[in-house]
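> Give me coordinates for this.
(one chain, ligands or ions: 1)
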Amino acid sequence: MSVLIYIDHTEGQIKKGSLEALSYGAALARKLNTTAEALLLGTVKEELSTLGKYGIAKIHQAADESFNAADAQVIANAVSAAVSASGANVVIFSFNATGVAVAPRLAASLKAGLVAGAVALPETENGFIVKKTVFSGKASAKVKINSAVKIISLNANSFGIHEMGDTTAEINIVDITPTENKVKVLSTELIKGEVPLAEAEIVVSGGRGLKGPENWYLISDLAHELHGAIACSRPVADDGWRPHHEHVGQTGVQVAPNLYIAIGISGAIQHLGGVNRSKTIVVINKDADAPFFKAADYGIVGDAFEVVPKMIEAVKKL
Ligand code: FAD
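Below you'll find the predicted structure:
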């Protein structure tokens, strides 16, 4: 059994989630007593051989630049060709927008079993069993993949990025021709935040308790001091205080940071569905009965307009 990890990238940079997928795939390969290989479609600025430090023996690169803006079907076709050429039996993606769009297409074309949103290394003693979260992170399920090729997409921040040493990966340039894009990308607008939300290790999130967009400096100042990402509840985005790509929850972005700070958010079930895989949750709410406190590791019952400026001052002194 061999393991192939898909390297996702944007604007010439490898995404942080892919470094986690590389670490996960390398650990799985060690468990299966085989080698971990990776696939890069298109081009990146990084020196690819350095990815060996994550435990990757070989990187296959199809360097056609049109892959940089290819649609999900084109990527799935190319990964399928690479899987056939390399003989890989396990294919790993990040559970991000690319993974969500590409992995099911690949699974359909290879007639392979797929587990989307894995949170741990598979159990391999009695078959190939992958743990994933279900019911918006409230429970977990173990899913057995019986097909010859097995596909996994890995939830962000569930395994971590692990360097194995100072080894370099072998680069193998492969000749995979992109199939025709069914969708033509005319232009792209990159949303630039200080930290990408889905991959952030610290998230500072605000709700309707902030009263209006003019008070959002409380959220952005604290996020800036903590080097964290900014998020919000859905009504905040619906009311146009913040853009929709910042709204977390069942209908928004799913996050799993080390620290999630919820300020003036009630903690409705639909909000919790997107944040309850966070390792530590801090809630600031003036209502001691706000439901969010039940999900909190630490809670401050208080007015955000008094508490948050004190937090910002305290963080500045660290
Ligand atoms: P509110 O419920 O109005 O809560 C504001 C909170 O701020 C209150 O707890 C209040 O005590 C506190 N507060 C007020 N003033 C202060 C102050 N000065 N200092 C401190 N605290 C203060 N919501 C999401 O967030 N994400 C989703 O993905 C999502 N999906 C949904 C899907 C469906 C199908 C439905 C029906 C709803 C969904 N919702 C979602 C909406 C969700 O049900 C809640 O309505 C929403 O999360 C509430 O947002 P909020 O907590 O910001 O506002």
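
> Can you give me the distance of the residue nearest to residue 81 when sequence neighbours are not counted to residue 149?
In space, and not counting its chain neighbours, residue 81 is closest to residue 176: 5.1 Å by C-beta to C-beta, 6 or more residues apart in numbering. Backbone N, C-alpha and C define where each C-beta goes, glycine included. Distance of residue 176 to residue 149, given as C-beta to C-beta, to the nearest Å: 17 Å.

> quick revisit: neighbours of the residue nearest to residue 81, how many?
For residue 176, the count of nearby residues is 20 (other C-beta atoms under 10 Å).

> That one: what secondary structure?
Recorded secondary structure, residue 176: coil (DSSP: H, G, I helix; E, B strand; the rest coil).

> Hmm, residue 40 is touching residue 7, no?
Yes. Assessed by C-beta atoms under 8 Å, residue 40 is found in contact with residue 7 at 4.5 Å.

> residues shared between the contacts of these two?
residue 59 (C-beta atoms under 8 Å, 6 or more residues apart in numbering).

> Tell me who's in contact with the residue nearest to residue 81.
41, 62, 64, 78, 81-82.

> Could you do residue 10 as well?
residue 190.

> burial measure for the nearest residue to residue 129 once chain neighbours are set aside, as a count.
Closest residue in space to residue 129, ignoring its immediate chain neighbours: residue 123 at 4.4 Å, by C-beta to C-beta, 6+ apart. Burial measure for residue 123: 14 neighbouring residues, criterion other C-beta under 10 Å.

> wait, residue 123 sits on residue 143?
No. Using C-beta under 8 Å, residue 123 is not in contact with residue 143; the gap is 10.8 Å.

> what do the two both touch?
Counting by C-beta under 8 Å, 6+ apart, the common neighbours of residue 123 and residue 143 are 129, 131.

> how far is stretch 148-164 from where the chain is centred?
10 Å (C-alpha atoms, centre = their mean, to the nearest Å).

> Check stretch 123-134 too.
Per C-alpha atoms, centre = their mean, the centroid offset for stretch 123-134 relative to its chain is 20 Å.

> can you check stretch 29-49 too?
18 Å.

> let's have the chain start at 14 instead
Noted, 14 is the first residue going forward, which turns the last one into stretch 42-62.

> Can you get me the start-to-end distance on that stretch?
End-to-end distance for stretch 42-62: 18 Å, by C-alpha to C-alpha, to the nearest Å.

> likewise stretch 190-200?
End-to-end span of stretch 190-200 (C-alpha to C-alpha): 23 Å.

> now what about that stretch, what contacts it?
Against stretch 190-200 from outside (C-beta under 8 Å, 6+ apart): 77, 79-80, 82-84, 86-87, 90-91.

> 6 Å instead, please
Stretch 190-200 is contacted from outside by 77, 79-80, 82-84, 87, 90, using C-beta atoms under 6 Å, 6 or more residues apart in numbering.

> likewise stretch 145-165?
With C-beta under 6 Å, 6+ apart as the criterion, stretch 145-165 contacts 102-105, 116, 120, 123, 125-128, 130-132, 140-144, 263, 286, 289-290.

> picking up where we left off before, ok, of the contacts of residue 189, which one's closest to residue 278?
residue 54 (39.0 Å; C-beta to C-beta).

> burial count for that closest one?
25.

> residue contacts, the residue most central in space within the chain?
The residue lying closest to the centre of the chain (C-alpha atoms, centre = their mean) is residue 169, at 3.5 Å. By C-beta under 6 Å, 6+ apart, the contact set of residue 169 is 30, 211-212, 269.
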